[in-house]
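# can you look at this prediction? I've put the sequence above it.
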Amino acid sequence: MGIWIGLAIGGIAKFWYGYTILIVLPILHTLGFLWFLYGTIETIILGAISAKILDSQSSKGKHSNNH
């Protein structure tokens, strides 16, 4: 689930970031696209890590309630 959330947030946020930088700064289209691509990959990874951490914390909470 975290990967999909990271993809959604990255796709929206990093698209606007890369597009805005492309308009404001005199850079190549390739650089704007790479900022979007690598930023989206970064948010996917962060989403997966966050989901893993939250999942492990919620499973610990479930086990402590049973004992």
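It's in.
# apart from its neighbours in sequence, what residue is nearest the residue nearest in space to the middle of the chain?
In the chain, the residue lying closest to the centroid (CA atoms, centre = their mean) is residue 43, at 1.7 Å. Among residues not flanking residue 43 along the chain, residue 10 sits closest, at 3.2 Å (CB to CB, 6 or more residues apart in numbering). Heads up, the C-betas are built off the backbone N, CA and C, glycines and all.
# what's the burial count for that neighbour?
For residue 10, the count of nearby residues is 23 (other CB atoms under 10 Å).
# likewise the one 5 residues further on?
Applying the criterion other CB under 10 Å, we find 15 residues in the vicinity of residue 15.
# what helix or strand is it on?
Using DSSP states H and E, residue 15 sits within helix 2-24.
# so what touches that helix?
Contact with helix 2-24 is made by 27, 29, 32-33, 35-36, 39-52, 54, as judged by CB atoms under 8 Å, 6 or more residues apart in numbering.
# mind listing what's buried in that helix?
2, 5-7, 10, 14, 18, 22 (16 or more other CB atoms under 10 Å).
# and the furthest pair within those?
When the buried residues of helix 2-24 are compared pair by pair using CB to CB, the farthest-apart members prove to be 2 and 22, with a separation of 28.5 Å.
# out of the buried residues of helix 2-24, who's nearest residue 59?
Of all those, residue 2 has the smallest distance to residue 59: 14.7 Å, by CB to CB.
# with adjacent residues omitted, what lies nearest to the closest one?
For residue 2, the nearest residue in space outside its immediate sequence neighbours is residue 51; the separation is 2.5 Å by CB to CB, 6+ apart.
# from residue 27, how far out is that neighbour?
33 Å (CB to CB, to the nearest Å).
# which of those two has more neighbours?
Relative neighbour count places residue 51 above the other of residue 51 and residue 27, with 16 against 13, counting by other CB under 10 Å.
# which parts of the strand or helix carrying the more buried one are buried?
Element membership of residue 51, judged by DSSP H and E, is helix 29-66. Neighbour counts over helix 29-66 (16+ other CB under 10 Å) mark 32, 35-36, 39-40, 43-44, 47-48, 51 as buried.
# low-confidence ranges in this structure?
62-67 (pLDDT under 70).
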